[in-house]
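In: Quick one: sequence and predicted model below, then my questions.
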Amino acid sequence: MKLNHNRAAGLMVVVTFMWSTAGVVARHLDAARSFEVTFWRAFFTAVSLLVLLPLVRGRRVFAGMRYAGSAFWLSGVCWGVMFTAYMVAITLTSVGNVLVTMSLGPLITALIARVFIGHRIPMRTWIAIGVAGAGVAYMYASQVQGGQLLGTLVALCVPLAGASNWTITQHSHAQGHNVDLVPAVFVGAVFSCLFTLPLAFPFEATTHDLILLGYLGVFQLGIPCVLAVLCAQVLKAPELALLALLEVVFGILLAWVGAGEVPGQTVLIGGTLVIGALVANELLGWKQRTL
């Protein structure tokens with residue numbers, strides 16, 4: 001698939017919308033809960049990628065995985081943690097809490113990259129980290145009082161795993177070994193399946209649930225992950241970071257309109273601080289690079 005800049009940007013908006021449907025779909029499940037939800041979503045993702053990967057990377061993609069280095073498999077583990085923590089968190093707390101917490105990814109990535117591979121953090125990013133941290137602290141404080149902190153803490157595993165994934169792949173690239181992220185997504189889905197299978201029993205999903213979970217595996221995760229990698233070949237990192245934030249907006253709106261999940265005041269205030277800090281950081285960085 002050949003993309004110019006405008007088509008890649010438009011496609012990335014579609015990708016973020018597809019990602020954002022997980023919350024509202026999960027709210028319409030009949031009987032499947034927690035680890036069973038996570039298992040079926042990962043299972044259908046793995047099955048869809050068995051078809052998609054040969055189309056995107058060629059028929060030898062799976063054979064090539066046998067010669068992949070440790071960074072590739074560590075990346076797969078990170079993807080598996082992200083897939084698992086995201087859906088478990090969705091079943092424990094509000095969609096808004098999960099999405100705002102996940103949006104911390106770029107700032108957590110900057111911190112982890114600073115500690116482990118020595119990337120310099122500009123002052124604008126330190127300020128963004130402080131503002132976003134204040135927004136998250138405000139959200140967390142209200143959840144401690146309401147006894148709903150567990151879901152948000154589980155959601156925090158998603159940006160932590162994502163930041164670790166980026167750091168691992170960047171370190172591997174610096175040593176001359178590139179990590180192909182699309183097959184790593186498949187490995188992550190398989191790892192998520194294997195981890196959650198023992199915890200998913202007894203299976204209680206209805207036929208209606210399996211249809212919805214099949215949608216999540218194929219159209220909310222499998223296809224958009226492949227499309228996002230294609231977009232990343234055309235768009236610059238700041239553009240991707242800004243467009244990815246649309247998932248937070250789309251997700252909260254869909255849960256509000258489609259499932260009656262009205263975002264609370266703490267989510268709106270804390271989320272505004274987090275998203276505002278992220279947008280300002282990326283726009284300032286973009287401006288400095290173009291001067």
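Out: Thanks, I have it.

In: Show me what the helix or strand where Val115 lies is packed up against.
Out: Assigned by DSSP states H and E, Val115 belongs to helix 105-117. The helices and strands touching helix 105-117, judged by 3 or more C-beta pairs under 8 Å, 6 or more residues apart in numbering; DSSP states H and E, are helix 123-146, helix 149-174, helix 265-290. Quick note: C-beta positions are derived from backbone N, CA and C, even for glycine.

In: Contacts only, for the nearest residue to Leu210 once chain neighbours are set aside.
Out: With C-beta to C-beta, 6 or more residues apart in numbering as the measure, Trp40 is the residue that lies nearest to Leu210, at 6.7 Å, once sequence neighbours are left out. With contacts defined as C-beta atoms under 8 Å, 6 or more residues apart in numbering, the neighbours of Trp40 are 32, 200, 205, 209-210, 213-214, 217.

In: run the last query once more with 10 Å
Out: The contact partners of Trp40, taken as C-beta atoms under 10 Å, 6 or more residues apart in numbering, are 29, 32, 87, 193, 196, 200, 203, 205, 209-210, 212-214, 216-217.

In: can you check Tyr215 too?
Out: Under the criterion of C-beta under 10 Å, 6+ apart, the contact partners of Tyr215 comprise 21-22, 25, 41, 44, 221.

In: from these, which ones fall inside helices?
Out: Mapping these onto helices (DSSP state H) picks out 22, 25, 41, 44.

In: Quick one: buried ones out of those?
Out: Taking 16 or more other C-beta atoms under 10 Å as the criterion, what is buried in those is 22, 25, 41, 44.

In: What would the helix or strand where Thr196 lies look like as PDB? C-alpha coordinates only.
Out: Thr196 is part of helix 181-200, with elements assigned from DSSP H and E. Taking Å, rounded to 0.1, in the frame of the first residue of the first chain, the C-alpha atoms of helix 181-200 are listed here in PDB:
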ATOM      1  CA  LEU A 181       7.000  -4.500  14.900                       C
ATOM      2  CA  VAL A 182       4.200  -6.100  12.900                       C
ATOM      3  CA  PRO A 183       5.300  -9.700  13.600                       C
ATOM      4  CA  ALA A 184       6.000  -8.600  17.200                       C
ATOM      5  CA  VAL A 185       2.300  -7.600  17.500                       C
ATOM      6  CA  PHE A 186       1.400 -11.200  16.500                       C
ATOM      7  CA  VAL A 187       3.800 -12.600  19.100                       C
ATOM      8  CA  GLY A 188       2.200 -10.300  21.700                       C
ATOM      9  CA  ALA A 189      -1.300 -11.500  20.900                       C
ATOM     10  CA  VAL A 190      -0.100 -15.200  21.200                       C
ATOM     11  CA  PHE A 191       1.600 -14.400  24.600                       C
ATOM     12  CA  SER A 192      -1.600 -12.700  25.800                       C
ATOM     13  CA  CYS A 193      -3.600 -15.700  24.800                       C
ATOM     14  CA  LEU A 194      -1.300 -18.100  26.600                       C
ATOM     15  CA  PHE A 195      -1.200 -16.000  29.800                       C
ATOM     16  CA  THR A 196      -4.900 -15.400  30.100                       C
ATOM     17  CA  LEU A 197      -6.200 -18.800  29.000                       C
ATOM     18  CA  PRO A 198      -5.800 -20.500  32.500                       C
ATOM     19  CA  LEU A 199      -7.400 -17.400  34.100                       C
ATOM     20  CA  ALA A 200     -10.300 -17.300  31.600                       C
END
